[in-house]
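Asker: 3D model of this:
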Amino acid sequence: MAYDLSKLLKMSPAEIDKLFADSPPGPIPNGEAEGTAIVDPGTARSPDIAKMINHFAWQGKIFDAKNKTLVNHIGPFGMKAILAEVYIGKSLIGKKDCVVLDYSKTSLVAKHSRDEIRRIAPKTYLVRSTGTRRSCSTSLPNSRVE
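Answerer: Take a look at the predicted model:
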């Protein structure tokens with residue numbers, strides 16, 4: 001099934017959790033991935049929150065599969081910052097394999113953050129942030145990832 005951004009933003013948190021749980025890890029992405037934060041999914045305000053975050057805070061990630069790293073595009077000017085190690089590992093959400101985005105050894109700002117991603121369609125990944133109790137999902141669609 002194809003998942004476009006508008007569909008993901010309309011899904012309930014339980015549907016997003018199920019989609020993540022049922023999806024394979026996929027390979028470690030390589031290349032630029034445009035991202036959209038999915039906050040408060042399934043509500044009328046979710047698309048507006050996503051646009052605001054995308055404009056002012058975070059635009060996506062650049063993956064380097066060979067070196068198993070990534071860097072984020074952040075801020076209103078898309079500055080490249082906040083490095084993470086990337087590897088296949090067990091999910092903290094369900095214990096199945098996922099691609100882990102581990103900031104613990106590479107970032108002072110995000111050292112308590114660990115994101116997990118699974119491929120929900122070709123070149124489309126769903127990200128779950130596990131560094132906080134509050135759930136946040138991110139879609140990395142329409143990307144130039146391999």
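Asker: Tell me the confidence at the residue nearest the centre of the chain?
Answerer: For the chain, the residue lying nearest the average C-alpha position, counting by Cα atoms, centre = their mean, turns out to be residue 127 (3.0 Å). Residue 127 is assigned a predicted lDDT (pLDDT) of 89.
Asker: That one contacts residue 115, correct?
Answerer: Yes: the criterion here is Cβ atoms under 8 Å, and residue 127 meets it with residue 115 at 5.2 Å. For the C-beta atoms, the positions are set from N, CA and C on the backbone; glycine is no exception.
Asker: is the residue nearest to the centre of the chain in a bridge, and if so with what?
Answerer: Going by DSSP bridges, residue 127 is paired in beta bridges with residue 117, residue 138.
Asker: Without its sequence neighbours, what residue ends up closest to residue 97?
Answerer: Ranked by Cβ to Cβ, 6 or more residues apart in numbering and with sequence neighbours excluded, the top spatial neighbour of residue 97 is residue 25, at 4.7 Å.
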